[in-house]
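Colleague: Sequence below, structure please.
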Amino acid sequence: MAKAIWNGVVIAESDDCQKVEGNYYFPENAINQEYFQPSDTHTTCSWKGVASYYNIIVNGQENKDAAWYYPNPKEKASNIKNYVAFWRGVKVES
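Modeller: Reported below is the predicted structural model:
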């Protein structure tokens, strides 16, 4: 079971993660939605496609663009459609 933790709170937990380029991608239904706020940030990966981001807010503290996902990934990354990954201080334990 993998857990994503930020600011002392488990924000995602699943035993159905996908690991890509060293990052754990959690199924969308495994994230605790109350801590996630959509961001206007988008980036592009040459092989995965366009990423969208979430700001994570826990106990009044915001971690901007700390989670990302690919709503419409390219074919080679189709296994991470509807999955969310983390960075910027979010600790993932597996």
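Colleague: going forward, measure contacts and count neighbours with C-alpha atoms only.
Modeller: Will do.
Colleague: list the buried ones in stretch 51-67?
Modeller: Neighbour counts over stretch 51-67 (16 or more other C-alpha atoms under 10 Å) mark 51-58, 63-67 as buried.
Colleague: Could you identify the pair within those residues that is furthest apart?
Modeller: The distance between the two most remote of these (C-alpha to C-alpha) is 22.5 Å, for Ala51 and Val58.
Colleague: Next, format the buried residues of stretch 51-67 as a markdown table and append secondary structure and distance to Val92.
Modeller: Converted to a markdown table, the buried residues of stretch 51-67 look like this (DSSP: H, G, I helix; E, B strand; the rest coil; distance: C-alpha to C-alpha, whole Å):
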| residue | secondary structure | distance to Val92 |
| --- | --- | --- |
| Ala51 | strand | 20 |
| Ser52 | strand | 20 |
| Tyr53 | strand | 17 |
| Tyr54 | strand | 17 |
| Asn55 | strand | 17 |
| Ile56 | strand | 14 |
| Ile57 | strand | 17 |
| Val58 | strand | 16 |
| Asn63 | strand | 15 |
| Lys64 | strand | 17 |
| Asp65 | strand | 16 |
| Ala66 | strand | 12 |
| Ala67 | strand | 12 |
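Colleague: From these, pick the one nearest Tyr25.
Modeller: Of the buried residues of stretch 51-67, the one sitting nearest to Tyr25 (C-alpha to C-alpha) turns out to be Ala67, at 9.7 Å.
Colleague: I'd guessed that closest one sits against Val84; true?
Modeller: Yes - in terms of C-alpha atoms under 8 Å, Ala67 counts as a neighbour of Val84; the distance is 6.5 Å.
Colleague: quick revisit: export the buried residues of stretch 51-67 to JSON lines and tack on pLDDT?
Modeller: What follows is the buried residues of stretch 51-67, written out as JSON lines (pLDDT from 0 to 100):
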{"residue": "Ala51", "pLDDT": "98"}
{"residue": "Ser52", "pLDDT": "98"}
{"residue": "Tyr53", "pLDDT": "98"}
{"residue": "Tyr54", "pLDDT": "98"}
{"residue": "Asn55", "pLDDT": "98"}
{"residue": "Ile56", "pLDDT": "98"}
{"residue": "Ile57", "pLDDT": "98"}
{"residue": "Val58", "pLDDT": "98"}
{"residue": "Asn63", "pLDDT": "98"}
{"residue": "Lys64", "pLDDT": "98"}
{"residue": "Asp65", "pLDDT": "98"}
{"residue": "Ala66", "pLDDT": "98"}
{"residue": "Ala67", "pLDDT": "98"}
